[in-house]
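**Student:** Got a sequence here, can you build the structure:
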Amino acid sequence: MQDLAYFKWSIAVTVLGIVGGYLLAGPSGAFIVVVLAILETSLSFDNAVVNATVLKHMDEKWRKRFLLWGILIAVFGMRIVFPLAIVGVVANMGPLQVIDLALFDEAEYARLLLSAHHEIAAFGGAFLAMVFLKFFVDANKDEHWLHFLEKPLTRLGRLEAAQILLTLLAILGSAAYLESDTKRVEFVVAGLWGLVTYIVADGLGAILGGAPGEGGKAVVKTGFAGFMYLELLDASFSFDGVIGAFALTTSLPIIAIGLGVGAMFVRSFTLMLVERDTLNAYRFLEHGAFWAIGALAAVMFIGVHMHIPEVFTGLIGAVLIGAAFWSSLRHRRLEA
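**Tutor:** Numbering: from 1, shown residues only. Predicted structure coming up:
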């Protein structure tokens, strides 16, 4: 019952979301809201673990700011405004024209957004690949979960800028198989921007006082830099959910409600993980989350060449985190 207290606001928002979906589109609208909320939660559970990794080192003031304002930015900024901005850039439209298109010509809005899928995937994939590699490609890392995979990655940390090199190879390798020169150039440029954005976010934390460390810990003690790092991370995680949502509906209000409900559950999971000190209690849970991030980055790079069902994307993250949780329990029993 104590754990359920963390989800009281999420449950309240879910009820309001289902009612809103019903009022907008009847029973089918309410059903799609529920499906989208489940999709968003499953795709972003690893995001909650990484958020908790950062927040446990953040001072109380900025932690509260992220849990309040961060969720509003995540829902309205990343899941509503950001897709609108992408369509505006792609179609060379003003803000009011894009909003009008999204509300009254949903099919065209969806078509324009999906036409930028390769650029969105390149940016998000590059950013998440850097998050993943920063955690594992570290010569000073001495704790491993999947030893046969993590030890070689640790040794790669001796190579200067190994994370950047591997991410660049992933961008160029994926771009090489796109069908047109235009798409290849757009993909590489977007991927480079994702790489640059990560380097700036990580470096900003170090400049403002953080010490370089695993999985983004360089930015966690620096207030605003940590806040922005988490928002960028959330944006990268939200790309898949926003694109996947159009397989179910082209209605912007329904998508916003469904993904917003899911984002609330991610916030609740994050809060529970931080306040219950779950990451310290289950030592490999963090490893599982970062492997899930790596898997999502790979899905983004591969997904521009073939359709990968959103169910698979969500399941692979859940399986990796579940396996890490089981390993942590087993390790605790052996130590007891």
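
**Student:** and the residue most central in space within the chain, what element?
**Tutor:** Nearest residue to the geometric centre of the chain (C-alpha atoms, centre = their mean): F237, 1.8 Å. Assigned by DSSP states H and E, F237 belongs to helix 224-245.

**Student:** what packs against the helix or strand just after that helix?
**Tutor:** Counting by DSSP H and E, the element after helix 224-245 in chain order, helix or strand, is helix 252-275. Packing partners of helix 252-275 (3 or more C-beta pairs under 8 Å, 6 or more residues apart in numbering; DSSP states H and E): helix 8-55, helix 71-72, helix 95-104, helix 224-245. The way it works is simple: take the backbone N, C-alpha and C, and place the C-beta from them, glycine included.

**Student:** Now do the longest one: distance to the chain's middle.
**Tutor:** Averaging C-alpha positions (C-alpha atoms, centre = their mean, to the nearest Å) puts helix 8-55 15 Å from its chain's average.

**Student:** quick one: average confidence on the helix or strand just after that helix?
**Tutor:** Sequence order places helix 60-65 as the next helix or strand after helix 8-55, per DSSP H and E. Averaged over helix 60-65, pLDDT sits at 82.

**Student:** likewise stretch 142-157?
**Tutor:** 88.

**Student:** which parts of that stretch are buried?
**Tutor:** For stretch 142-157, the buried set under the neighbour-count rule, 16 or more other C-beta atoms under 10 Å, comprises 145-146, 150, 153-154, 156-157.

**Student:** one step back: same list (the helices and strands packed on helix 252-275) but as JSON lines, adding mean pLDDT and distance to V261.
**Tutor:** Shown next, in JSON lines, are the helices and strands packed on helix 252-275 (pLDDT from 0 to 100; distance: least, C-beta to C-beta, whole Å):
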{"stretch": "helix 8-55", "mean pLDDT": "86", "distance to V261": "4"}
{"stretch": "helix 71-72", "mean pLDDT": "76", "distance to V261": "11"}
{"stretch": "helix 95-104", "mean pLDDT": "88", "distance to V261": "19"}
{"stretch": "helix 224-245", "mean pLDDT": "75", "distance to V261": "11"}
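
**Student:** Show me the one of the ones you listed that comes nearest F269.
**Tutor:** helix 8-55 (3.9 Å; C-beta to C-beta).

**Student:** Report the inter-axis angle for the closest one versus helix 224-245.
**Tutor:** In terms of direction (axes from the mean of the first three to the mean of the last three C-alpha atoms, to 10 degrees), helix 8-55 departs from helix 224-245 by 130 degrees.

**Student:** Which strands and helices lie in contact with helix 8-55?
**Tutor:** For helix 8-55, the packing partners by 3+ C-beta pairs under 8 Å, 6+ apart come out as helix 224-245, helix 252-275, helix 278-281, helix 285-303, helix 310-335.

**Student:** which stretch among the ones you listed comes nearest N92?
**Tutor:** Here helix 252-275 is closest among the helices and strands packed on helix 8-55 (C-beta to C-beta), at 19.6 Å.
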